[in-house]
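Novice: Whatever this is, show me its structure:
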Amino acid sequence: MATAHIEAKKGDIAKTVLMPGDPLRAKMIAEKYLVNYRLVNSVRNILAYTGTYKGKEVTVFASGMGIPSVGIYSYELFHFYDVENIIRIGTCGANKEDVKLLDVILAESAYSLSTFAQVFDGTEDKVMPASGELNQKIEQSALMNHIPLKKGMIITSDVFNVYVDMVEYMKKYPADLETLASEMEAFGLFFMAQKLNKKASCLLTVVDSPYDEREVSSQDRQNSLDTMIKIALDSI
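Specialist: Coordinates of the predicted model:
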């Protein structure tokens, strides 16, 4: 069993997948949190590892950047490898002043101007929901770990918002659109889960904000990412 992008055999991938964007973050998570992990994919250096966390089998599988990339990997994992749940873990930029650096966000839905869904099968919807069932488990995990979550809609953009004028950037969206943050993958993941009758969620750490010029230290950033990763893993 293999696809054009995944070399794993059927059975090498767990039913639940943790999906960071960065392949090296996938490697770090496997080394730091999983027991008896093994490399199950390295095609195009999109690294994936399967192991156990607190006795539960889990795969950590990188998505790469952007909707097209996460669309490929989520489709193949859901469709060919019988994956049931994918939890994206990533970083984002704040869209609101009360969303602070290093806050952890649980996306309830993702809004996108991308044509990905339309090109895929004619879907015109601009909003894709996360799995309520998965989100509830993630909320329970956060509560157990005494970690506050901000919940709401996010924007999935084809543009890295740090590189653009945020005032002009937000003018592209409806004036009454209330979103917490911007990132680049969740809409594609949620869309694919909906199409294939699977479940997907997205946890994000805020690492930049147009309302705060401070730079997050590498140590603070890693600590916050570890917090988010632990929420996701404990939800499994």
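
Novice: who touches the one helix or strand S182 maps to?
Specialist: With the criterion set as DSSP states H and E, the secondary-structure element containing S182 is strand 181-183. With contacts defined as CB atoms under 8 Å, 6 or more residues apart in numbering, strand 181-183 is touched by 90-96, 99, 105, 154-157, 161, 202, 204, 206. From N, CA and C alone the C-beta is placed, and that goes for glycine too.

Novice: Kindly give a single ChimeraX line that selects the buried subset of the residues you listed.
Specialist: Only the buried members of the contacts of strand 181-183 end up in this ChimeraX selection, burial being decided by 16 or more other CB atoms under 10 Å:
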select :90,91,92,93,94,95,99,105,154,155,156,157,161,202,204,206
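
Novice: re earlier: parallel or antiparallel, which strands does the strand holding S182 pair with?
Specialist: Strand 181-183 has these partner strands in its sheet, going by DSSP bridges: strand 85-94 (antiparallel), strand 150-156 (parallel).

Novice: Can you pull the poorly scored residue ranges out of the chain?
Specialist: 1 (pLDDT under 70).

Novice: So which residue is smack in the middle of it?
Specialist: R88 (2.3 Å; CA atoms, centre = their mean).

Novice: Give me the distance between the nearest residue to that residue once chain neighbours are set aside and K150.
Specialist: Leaving aside its sequence neighbours, R88 sits nearest to C202 (CB to CB, 6 or more residues apart in numbering; 4.2 Å). Using CB to CB, to the nearest Å, one obtains 13 Å as the distance from C202 to K150.

Novice: That's all I had, so thanks and see you.
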